[in-house]
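Chemist: Need a 3D model of the following:
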Amino acid sequence: MSAADPHRLDTGALALWLRRELGVSAGVLEAEKFPGGQSNPTYLLRADGEARWVLRKKPPGVLLPSAHAVEREHRVMAALAQSDVPVPRMVALCTDADVVGTPFFLMELVQGRTFWDMRMPGVSVPERTAMYADMNRVIAALHALDPAALGLADFGRQGGYFARQITRWSAQYRATETERIEAMEHLIEWLPAALPAGPEQSCLVHGDFRIDNLIFHPEEPRVVAVIDWELSTIGHPLADLAYHLMSWRLPPEDFRGLAGVDIDALGIPGEQACLRSYLERNAVPAPDPREWEFAIAYNLFRVACIRQGVMKRALAGNASNAAALDAGRRARQTAEFAWQAACGVRA
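Modeler: Numbers count the residues shown, from 1 in each chain. Alright, predicted model coming up:
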């Protein structure tokens, strides 16, 4: 990274911090930014040429309130260390912005496979089927955890998750709006009025449970780490699950989805099959179909809001990914997908 790169790490200052705070002599410290991700910049740290840690930090520039909360990511992953949900081992949290420009945390480097394409090219059909089954196992295990037993009782509020999230994301969308998108205007009006009736369930939710936030064992068909917990909180399990499964509704070129893909030939279970497996694992009743479709529409709306935020950061020059501008431009298309789903509920 060049000296002018806003995401360049001061490895000298970081090496001094490692020695002072952790008693670790890193020798020649090098940082390589991972290419993926649009939010919190993440780096592979090498000490004397050996890959040692992963550093995740807040991006530079003016940030939205509550966004890019690396402190919360560190807290939840530390709490999950002994649970059935695999996460990297936390090494340290630094809230002193003077070290590398913004707060950051260090975690162990987990060796394994990461996929950006849900079709998992290069994987055999039986292994692919097993990997999808393990994804289902992990999200079901997450929702079955007791937040209080993990010391996370105050990690979010009980109940009212959909209403709070719609208010939050609508406000964040307005704060990053760069053009008028009619579908977003419709969604901001419709979603609060269409909230499912009845009491809400609450559990620990990841908020961004998708294939590229999972690390699979190098040789076995199982998840060895769930990463990117920036959006985690106490929330509605249906919202988290619908976010994971909405990719079955989207084409490969948008959000790396599965729509139009011959999933049977690939050994990938369908959306409803995944939903049934999850329900069986956690012994919970099936949701009302309209509630499920509402959850899909809400999640597509949320992704549109996130993409709009990416667009705003790209235009400001502080997005963490070179492809941010292209991702941001897809906010409109995603909003239109969301409104189509909403219209299915309204019909």
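Chemist: Helix or strand: which one has Glu220?
Modeler: Using DSSP states H and E, Glu220 sits within no helix or strand.
Chemist: Neighbours of it, how many?
Modeler: 14 (other C-beta atoms under 10 Å). From N, CA and C alone the C-beta is placed, and that goes for glycine too.
Chemist: That one and Gly156: what is the separation?
Modeler: Distance, Glu220 to Gly156, by C-beta to C-beta, to the nearest Å: 33 Å.
Chemist: Equivalent analysis for Pro199, please.
Modeler: Pro199 sits 16 Å away from Gly156, going by C-beta to C-beta.
Chemist: So between those two, which is more surrounded?
Modeler: For Pro199 versus Gly156, neighbours defined as other C-beta under 10 Å are more numerous around Gly156 (18 against 7).
Chemist: Surely that one touches Thr233?
Modeler: Yes. Contact criterion C-beta atoms under 8 Å: Gly156 and Thr233 qualify, at 3.7 Å.
Chemist: which strands and helices sit next to whichever strand or helix holds Arg174?
Modeler: Element membership for Arg174, per DSSP H and E: helix 161-176. Using 3 or more C-beta pairs under 8 Å, 6 or more residues apart in numbering; DSSP states H and E, the elements in contact with helix 161-176 are helix 182-193, strand 233-235, helix 237-245, helix 289-316.
Chemist: Listing partners with orientation, what would you give for the shortest one?
Modeler: Its sheet considered, strand 233-235 pairs with strand 203-205 (antiparallel) by DSSP bridges.
Chemist: Retrieve the pLDDT associated with Cys2.
Modeler: No, residue 2 isn't Cys; it's Ser. Ser2 is assigned a pLDDT of 46 by the prediction.
Chemist: Equivalent analysis for the one 3 residues further on, please.
Modeler: Per-residue pLDDT puts Asp5 at 60.
Chemist: same deal with Gly37?
Modeler: Reported pLDDT for Gly37: 56.
Chemist: Check the one 5 residues further on too.
Modeler: pLDDT, Thr42: 93.
Chemist: And for the one 3 residues further on?
Modeler: Leu45 is assigned a pLDDT of 95 by the prediction.
Chemist: That one against Val28, yeah?
Modeler: No. Taking contacts as C-beta under 8 Å, Leu45 lies outside contact range of Val28: 11.2 Å.
Chemist: Looking at those two, which one has more neighbours?
Modeler: Each of Leu45 and Val28 has its neighbours counted (other C-beta under 10 Å); Leu45 has more, 22 against 10.
Chemist: what are the bridge partners for that one, then?
Modeler: Ala31, Trp53.
Chemist: which residues sit in contact with it?
Modeler: Residues in contact with Leu45 (C-beta atoms under 8 Å, 6 or more residues apart in numbering) are 14, 26, 29-31, 51-55, 106.
Chemist: One more: Leu9?
Modeler: 1, 31, 43, 55, 100.
Chemist: Tell me where the stretch 1-150 of the chain has helices.
Modeler: For the stretch 1-150 of the chain, helices defined by DSSP state H, counting those that start in this stretch occupy the ranges 11-22, 70-79, 125-144.
Chemist: Can you say which of these is nearest to Arg313?
Modeler: helix 70-79 (16.0 Å; C-beta to C-beta).
Chemist: In terms of secondary structure, what does the closest one contact?
Modeler: So helix 70-79, by 3+ C-beta pairs under 8 Å, 6+ apart, packs with strand 50-57, strand 90-94, strand 104-108.
Chemist: Going by neighbour count, list what's buried in stretch 187-201.
Modeler: 187-188, 190-191, 194, 196, 200 (16 or more other C-beta atoms under 10 Å).
Chemist: quick one: contacts of that stretch?
Modeler: 159-163, 166-167, 170, 173, 236-238, 288, 290-291, 294, 297-298, 301, 304, 335, 338-339, 342, 345-346.
Chemist: Export the contacts of Leu9 to JSON lines and append columns for neighbour count and distance to Leu214.
Modeler: As requested, these are exported to JSON lines (neighbours: other C-beta atoms under 10 Å; distance: C-beta to C-beta, whole Å):
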{"residue": "Met1", "neighbour count": "12", "distance to Leu214": "27"}
{"residue": "Ala31", "neighbour count": "19", "distance to Leu214": "24"}
{"residue": "Tyr43", "neighbour count": "23", "distance to Leu214": "20"}
{"residue": "Leu55", "neighbour count": "22", "distance to Leu214": "20"}
{"residue": "Val100", "neighbour count": "23", "distance to Leu214": "27"}
